[in-house]
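Asks: Sharing a model prediction with you, sequence too.
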Amino acid sequence: MNARLSYALRRLILTVPVLIATSIFVFLLIRLVPGDPVRSMLGIRATPENIATVRSQLGLDHPLPQQYWDWIRGVLHGDLGQDFISHEKITSLLKVSLPITLELTVLAMLLAVGVGVPVGVLVAARTGWARKLSGGFVIGAISIPDFWLGLMLVLLLTSVLNLLPPSGWVSFTEDPVQNIRYMILPVVTLATGQTAYILRTTRAAMLGTLSEPYIAFLRAKGLRERSIVGVHALRNASGPIITVTGIQFGVLLGGAIVIENLFALPGVGRLIVTAISERNYVVVQAGVLTVACLFIVVNLITDIIHGLLDPRVEEAVSA
Amino acid sequence: MIPNQAGPAGPVGPVGPVGPVGAVGEAVVMPRDERRTLTERFGGREGLAGWTIVFVLIAVAILAPVLAPHSPEAIDGNRILAAPSLAHPFGSDDLGRDVLSRVLYAFRVSLGIAVGSVALAMVVGLPIGVLAGYAGGWSDLVLMRLIDLLLSFPALLLAISLIAILGPGSLVALLAIAIIYVPIMARVVRSSVLVVRGQPYVRGARARGASHLSVIRGHVLPNAIGPALVQASVLMAFAIVIEAALSFLGLGSQPPTPELGLMLADGNNYLAQAPWVEIFPGLGIAISVLAFNLIGDGLRRSFDPNGLTQ
Amino acid sequence: MSALVEFRDVGVDYARRGGIVSAVQNVSLTLEENETFGLVGESGCGKTTLSMALMGLLPASARVTGQLMFRGEDLFAMSESEHRRLRGDEVSMVFQDPATSLDATFGIGYQVAETVRAHRQVSRRESKARALELLREVGIPAAESRYSDPPHRLSGGMRQRVVMAAALANDPSLLLADEPTTALDVTIQAQVLDLLAALQRKHGTTILLIAHDLGVVAQICDRVGVMYAGQLVEVAPVGELFAAPRHPYTRALLDALPSRGRRGRALRVIGGQVPDLSHPPAGCRFADRCPHRMDVCATVPPLATSGAERQIACWLDPATRATAGLAPLPDSPTPNPAVPVGDPS
């Protein structure tokens, strides 16, 4: 257990430089806007006084290192600045939108893993129609763009069958049932492609694992096929599955930006896209930082789980 | 050996962020078997289907002015959201424009951006990957850290951030997609270079006095190009989706350009009323993505003797 | 001694894309209780197929004929779940490569204990205690502290000991050992063989040792069977086989061994190639490479019993000929096969 704990700690420390680099990139986002970001934020009718005020509020009149220092200090104290359009604090905007994005992505990932892994395990040893069917689903689900799938689901389930609300959002605390009803379509839309990737990876990894000699030895020991496949083979195949799940979470976070806009869910993705169209750079910056950090945390978690399940990983790290 | 573990410093692991392209991360030398049939060369029946569709789509894109029954931008007040008919097989959109003609023209944008972004990523990523993999040492370390960093961003988020900086547009979308692809490409090339570099024949060539340049040309590049092409076909598929998604969000191509994602965004408001405005452009995206995925699967079969990805 | 395993005219075919591969043909053999029986032959001669048939782990493409009796029950007639209950309990197996026989993601102790749990209704604590006992018995030092170690922290020899502990967990009456030392260093090989022999003596387990190395067989086996291209050609007590081989293939095998007596002479190799088993020759499969080939060799020679403990399938041999109702050859090229049955050492 000790080796595993120290592996987790080492992996945690390795995220620090990534976080710093990410913060620098996000910090530079506004500063890289060609021309004057403040002028393009405020529009052509902005008075020079206005521009000067905003510029000093943003600290853009200081040298870059000091700007970064001021900004990152604020971020670390939970101060992401102020929305220049609604004049709200950005943290309070995120307090509303982040849970929505998390609910959407986590539910979609759970659905994708919950369907993709068991089905992948089941079809791994099969040939014939089960393999053809799952192969067809995989290539189809990977090729259909999620937002178009979402549109088609809306067309079918709301316009034709009238089962679900097409778009919108109700807070979970306000009305849990309605919240789930609004979430079903976005979650299914987002999860379909991910299910395909996870299924494909699981199937391939299981197929590789089941042909290993230690599986033959487990059979020779008289273990039940159920525990050979479900305990040993799955644990050995878990490395690629977890790695891909982690990677797919990044894809999922990107996809959530589109899906939130499609289904009018007021999540971080919607916040970012709306802010871009309004040239609301400070909000864009905060949104991008939030999603990027989320992805880094997910990567950290998947790596640690992987290390806990496969003792060879932690040794490879310490070597 | 540890199967497919994520390296300690590379949270993304050996696979690009756009999908579990699995075996692509590992370099595999192409088997040179002359006896393979033409179908097998194209990656089996599915691969052949993929290539066929892509060639048809390219032909459609080039011949769009000839094939399109109407101008893609001709507005017709009498045909607003008109249902499909003989003269307008895909119906008309909210401005009375012919959906079929717009879809045909839209392939120019989709394929153009896909090909352009992947080509750009290859032109930049290939040398980076070769340099990192062949030179090793500090340049490898620095380049790989940068690549890991870029890959620690969700791809679409990175593209959107770049568009936030540069402003929306088709060319910016192309550039943004290319930028998120460069690290993926470089990584794949680097790992195949690493495999080749350790081969006895490469060390032998060096020992015989071959220059680095001729070793790279003669041994490294021919072996790195295969996995890079598999990756390219998969990235091509994703480029089409990403570009359509960006345009759908209003961050890619701008109206009145006939573009598939943009058409979907336009039609979203009239979904129940005129579903054809949504169905056909979406099918166009799905078919072109499917074609590139089929090509990728076929190529992977040739480059992946372990059959890990099948 | 009584029979534990009886192969009765066992044949195994594999259905392959190119047709049918005849992996094992007409094998009749009895394994006695408490003996160590060595099965030798080149790779692909069917010895592994025979052991897989015993384990009930033949691939789905295999078709079996004949009967395979274990304690009076036909294994070929058993259902998969009946066979599974036998595996790891009454019949156990040690594989060739200890590096790949163990699951790298589980501790070694767990992998021994789970064999116990697969067959006995015991608590985790009991199975762990039993596993520790087994690990100590096979000579894992500090078994207690190594219980949770993953296999890759152990050396090859130690890993093979763990594999043996897992195989012996339920005190099987039959242990199959498929080339158990081939993947190990020479010095370790001897240790593992000694351990195997010691365990055999202690528990009275019947061991079927599969090997291509006659030296390994000579070290611990009581009797030896020689297989060639799916046919069992000769069975003899180990001493007699080395002293007086009767099948031309056995003789060729022994001639190919380096030995002190023939120092300085080139080792003899067997000319020709193993036949393609998807199109096996009719009759004796060694005939194409046999220096004494005759017309009658186109018929399969029956495995004949000769004396108390020997079996032979060769048309040159009087015993085989007598079984088929033929007179002995007048100018038999073999030295007089009537070697007195002596002390096998």
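Replies: Structure received. Not measured: the values here are computed from a predicted model. Residues are numbered from 1 along each chain as shown, chains lettered A, B, ... in the order given.
Asks: Specify the beta-bridge partners of the residue nearest to C:V91 when sequence neighbours are not counted.
Replies: Once flanking residues are discounted, C:V91 sits nearest to C:L174: 4.7 Å by C-beta to C-beta, 6 or more residues apart in numbering or on different chains. (Glycine included, C-beta is placed from N, CA and C.) Beta-bridge partners recorded for C:L174 (DSSP bridges): C:V91, C:T206.
Asks: Can you classify C:V235 by secondary structure?
Replies: Following DSSP: H, G, I helix; E, B strand; the rest coil, we place C:V235 in the strand state.
Asks: beta partners for it?
Replies: With DSSP bridges as the criterion, C:V235 is bridged to C:G225, C:Q311.
Asks: so it makes contact with C:T30?
Replies: No: contact criterion C-beta atoms under 8 Å: C:V235 and C:T30 do not qualify, at 9.1 Å.
Asks: For those two, work out which one has more neighbours and name it.
Replies: Comparing C:V235 with C:T30 by other C-beta atoms under 10 Å in any protein chain shown, the one with more neighbours is C:V235, at 25 against 18.
Asks: residues touching that one, list them.
Replies: Taking C-beta atoms under 8 Å, 6 or more residues apart in numbering or on different chains as the contact definition, C:V235 lies against C:L29, C:R223, C:V224, C:G225, C:V226, C:L303, C:E309, C:R310, C:Q311, C:I312.
Asks: Would you point out which residue of the stretch 151-300 of chain B is nearest chain C?
Replies: Residue nearest to chain C within the stretch 151-300 of chain B: B:G298 (22.1 Å; C-beta to the nearest C-beta).
Asks: dump the residue contacts of that residue.
Replies: B:F42, B:G43, B:G44, B:E46, B:G47, B:L48, B:G50, B:W51.
Asks: Now the two most distant members of the residues you listed.
Replies: Spatial extent of these (C-beta to C-beta) is set by the pair B:G44 and B:W51 at 11.0 Å.
Asks: Please name the spatially closest residue to the residue of the stretch 151-300 of chain B closest to chain C (chain neighbours excluded).
Replies: Spatial nearest neighbour of B:G298, excluding adjacent residues (C-beta to C-beta, 6+ apart): B:G43 at 1.6 Å.
Asks: Thought C:E90 was touching the residue nearest to C:V91, still the case?
Replies: Yes: counting by C-beta under 8 Å, C:L174 does reach C:E90; the two are 6.8 Å apart.
Asks: and these two? which has more neighbours close in?
Replies: Ranked by neighbour count (other C-beta under 10 Å), C:L174 and C:E90 place C:L174 first, with 21 against 17.
Asks: Helices along chain A, start to end?
Replies: A:2-31, A:37-42, A:48-58, A:64-76, A:90-124, A:129-143, A:146-154, A:176-210, A:213-220, A:225-227, A:234-262, A:268-277, A:281-309, A:311-318 (DSSP state H).
Asks: Worst mean pLDDT among these?
Replies: Among the helices of chain A, helix A:311-318 carries the lowest mean pLDDT, a mean of 60.
Asks: Double-check A:E278 against A:S86; I have them as touching.
Replies: No: taking C-beta under 8 Å as the definition, A:E278 is not a contact partner of A:S86, at 10.0 Å.
Asks: higher neighbour count, these two?
Replies: Higher neighbour count among A:E278 and A:S86: A:E278, with 16 against 13, using other C-beta under 10 Å.
Asks: re the thing from before, where's the residue nearest to C:V91 relative to C:L193, distance?
Replies: 18 Å (C-beta to C-beta, to the nearest Å).
Asks: B:I160 now?
Replies: Plainly put, B:I160 is 67 Å away from C:L193 if you go by C-beta to C-beta.
Asks: So how do I select the buried members of the contacts of C:V235 in ChimeraX?
Replies: Buried residues among these (16 or more other C-beta atoms under 10 Å in any protein chain shown), as a ChimeraX selection:
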select /C:29,223,224,225,226,303,310,311,312
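Asks: Give me the residue at the spatial middle of chain A.
Replies: Residue closest to the mean C-alpha point of chain A, counted by C-alpha atoms, centre = their mean, is A:L253 at 3.1 Å.
Asks: phi, psi of the residue nearest to that one when sequence neighbours are not counted?
Replies: Distance criterion C-beta to C-beta, 6+ apart; nearest residue to A:L253, sequence neighbours excluded, is B:P154 at 4.5 Å. With angles defined as degrees, to the nearest 10, B:P154 sits at phi -60, psi 130.
Asks: residue contacts, the nearest residue to C:C290 once chain neighbours are set aside?
Replies: Once flanking residues are discounted, C:C290 sits nearest to C:P248: 5.0 Å by C-beta to C-beta, 6+ apart. The contact partners of C:P248, by C-beta under 8 Å, 6+ apart, come to C:F286, C:C290, C:P291, C:H292, C:C314, C:L316.
Asks: Show me which of these are buried.
Replies: Neighbour-count burial within the contacts of C:P248 applies to C:F286, C:C290, C:C314, C:L316; the criterion is 16+ other C-beta under 10 Å.
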